[in-house]
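> everything below, folded, please.
(one chain, ligands or ions: 1)
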Amino acid sequence: MSRTSKTAPSPLDDRAREVVDRLHAQNRHQFARSIIPLVREMVKAKFGTGNWDSTQTDSGKEMLADKMVALDPEKAALCHLLCRSLRARTVVEIGTSFGVSTIYLAAAVRDVAGEDATTGPPGLVIGTEHEPGKVEIAERNLADAGVDDHAEILAGDLLETLPPRLAALADQDRPVDFVLMDIWIPMALPALEILIPHLRPGALVVCDNVVSGASDYAGYLDRVRNSDDFVSVTVPGQGGTEISMKV
Ligand SMILES: C[S@@+](CC[C@H](N)C(=O)[O-])C[C@H]1O[C@@H](n2cnc3c(N)ncnc32)[C@H](O)[C@@H]1O
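Numbers count the residues shown, from 1 in each chain. Below is the predicted model:
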């Protein structure tokens, strides 16, 4: 009798899967080890700044500087599938960290370009990360996974690095097909505003943890739910995911 596993198999090839399996395990281990100090930071942030956001205190920033905080495997696989389905060739990732989600996205644009080499440019994921140590690790992980030809990481604050890169894409008539929004929450709305003029109609923006972080995401959620620019859906479970389509 065949046994059915609880979740679908990974959409990645063996080489990339080996890398992400290792990184997902490392992420779980890091999280388990840092949960108590993290909660302590959140309480400190609540008293200091009025909300629970530990990414905004100096000690919280220091603590998170080497943490992966990666997307769950199922959400990363969902992003991979959405990119494949959209036939995405140009993807922007807001928040790269160690490159876990980047590997899923880069594999997707590589597969799209491989399946239909005659139309459109080669697939590219543009990642963004301001911690230099994380950029180095992400670049190594992308190479180990065999997808580094399809990804580049903008090192530095995305408010500075992203606008000129998007302008260069616009010069090539290359709009953005898909965005993964997985960043410290206060950066989400400013990043979205930078991206909006570059999204093609039908482009998807996937944002993580919008239910668990609903109050901190209020401005972002208002922008995608209550404007003529987007049609949006909230997928509950595992912190909640907002999927917004550019009209
Ligand atoms: C949640 S993690 C990204 C996880 C990644 N998407 C994954 O699934 O592996 C968010 C990352 O955004 C980075 N970050 C925060 N603010 C930033 C900024 N202003 N510019 C660039 N990167 C930033 C953090 O250093 C952190 O590594």
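> could you use CA atoms for every contact and neighbour count after this?
Fine.
> quick check: longest strand of the protein.
Identified as the longest strand of the chain according to DSSP state E is strand 199-208.
> what residues does that strand touch?
In this structure, residues lying in contact with strand 199-208 by CA atoms under 8 Å, 6 or more residues apart in numbering are 79, 86, 175-182, 239-247.
> flag every residue of this protein that's near the ligand.
By the rule CA under 6 Å from any ligand atom, the part of the chain lying against the ligand is 69-71, 95-101, 128-131, 156-158, 182-184.
> buried ones from those, can you make that a PyMOL selection?
Selecting only the buried entries of those in PyMOL, with 16 or more other CA atoms under 10 Å as the criterion:
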select buried, resi 69+70+71+95+96+97+98+99+100+101+128+129+130+131+158+182+183
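> show me the residues of the chain next to the ligand that map onto strands.
Of those, the ones assigned to strands by DSSP E are 128-129.
> pLDDT below threshold where in this protein?
Confidence mapping of the chain against pLDDT under 70 gives the ranges 1-3.
> what ranges does it have for its helices?
Listed in chain order, the helices of the chain (DSSP state H) span 14-49, 58-64, 73-86, 100-115, 132-144, 158-171, 188-195, 218-225.
> need the winner for burial among the ones you listed.
Comparing the helices of the chain by mean neighbour count (mean count of other CA atoms under 10 Å), helix 100-115 ranks first with a mean of 25.
> using CSV, write out every CA atom in that helix.
Provided in CSV are the C-alpha atoms of helix 100-115 (Å, rounded to 0.1, in the frame of the first residue of the first chain):
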residue,chain,number,x,y,z
VAL,A,100,16.3,30.2,0.9
SER,A,101,13.2,31.7,-0.8
THR,A,102,15.6,33.1,-3.5
ILE,A,103,16.5,29.5,-4.5
TYR,A,104,12.9,28.6,-5.0
LEU,A,105,12.3,31.7,-7.1
ALA,A,106,15.5,31.4,-9.2
ALA,A,107,14.7,27.8,-9.9
ALA,A,108,11.2,28.9,-11.1
VAL,A,109,12.5,31.6,-13.5
ARG,A,110,15.2,29.2,-14.8
ASP,A,111,12.5,26.6,-15.5
VAL,A,112,10.2,29.1,-17.2
ALA,A,113,12.9,30.3,-19.5
GLY,A,114,14.0,26.7,-20.2
GLU,A,115,10.5,25.6,-21.1
